[in-house]
Structure formats: structure tokens, C-alpha cells
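Student: Sequence plus predicted model, see below.
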Amino acid sequence: MKNRPLPRVLLVLLALTACAVVVPAARLRAQNPTDAKIKLMSDALRARDAGDLVGAQQALAELAKLAPNDASVARLRSEIEAQAAAQQAALAQQAAAQR
């Protein structure tokens, strides 16, 4: 039995197929941090809108790890902290009124 080398056309096709698989996989990996940021931001907003300020702060803490210098994250964090402070003040005022 004779061993024949692969034709060059077949080698080129194999190389193109490998590139076609590797390039989209690299794009998917590049989008994962962006997808994670979007998910965490939406989780934080959803929790804030539901009144779960602790959950919103937890989502923002995770988001801050992925995007530490993001201005929108800092702005949302300050809004949620202000809401939490206002909520604490309202609870304290309510407790004082009940005494």
C-alpha cells in the first residue's frame, strides 16, 4: 500500500475550516465580558426597581470588578446608595414617630 501525501487543495480547505471555527470562537470569548456587564447592570436595575437595594448593591459590586472605571456604574452606585440612605432615614423617622 502506497502512502500518498494530501493534495494541497485539501490542506488549504482544512486550514480555512480551522480558521472558520477559531475566529467565531474568539469573537464569542471577546463578547463574554460585555455580556456579563450587561447582565449585571440589568440585574442591578431590576433589583433597584423592585426595592431590593442590597441586591442591587451586590450586582454593582460584581460589575465594579469587571468595569472599575465605568462612569455609569459609579453613577448608578451613588444613586442606589442615596436611595438606601433615604430608606434608612425614613425607617429611623418612622421608628421615632412610633415611640
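Tutor: Everything's here; your move.
Student: buried sites along the host helix or strand of residue 97?
Tutor: Element membership for residue 97, per DSSP states H and E: helix 71-98. Neighbour counts over helix 71-98 (16 or more other CB atoms under 10 Å) mark 73, 76, 77, 80 as buried. C-beta here means a position set from N, CA and C on the backbone, and glycine is covered the same way.
Student: Can you say which helix or strand has the nearest residue to residue 77 once chain neighbours are set aside in it?
Tutor: Take residue 77 and drop its neighbours on the chain: the residue closest to it by CB to CB, 6 or more residues apart in numbering is residue 60, 5.0 Å away. Here residue 60, judged by DSSP H and E, is contained in helix 53-66.
Student: Contacts for that helix, please.
Tutor: Applying CB atoms under 8 Å, 6 or more residues apart in numbering, the contact partners of helix 53-66 are 33, 36-37, 40-41, 43-45, 47-48, 70, 73, 76-77, 80-81, 83-84, 87.
Student: so where's the chain shaky on pLDDT?
Tutor: 1-2, 4-6, 10-14, 16, 18-31 (pLDDT under 70).
Student: can you rerun that using 80?
Tutor: 1-32, 99 (pLDDT under 80).
Student: for residue 70, phi and psi?
Tutor: Note on residue 70: backbone dihedrals following degrees, to the nearest 10 are phi -80, psi 120.
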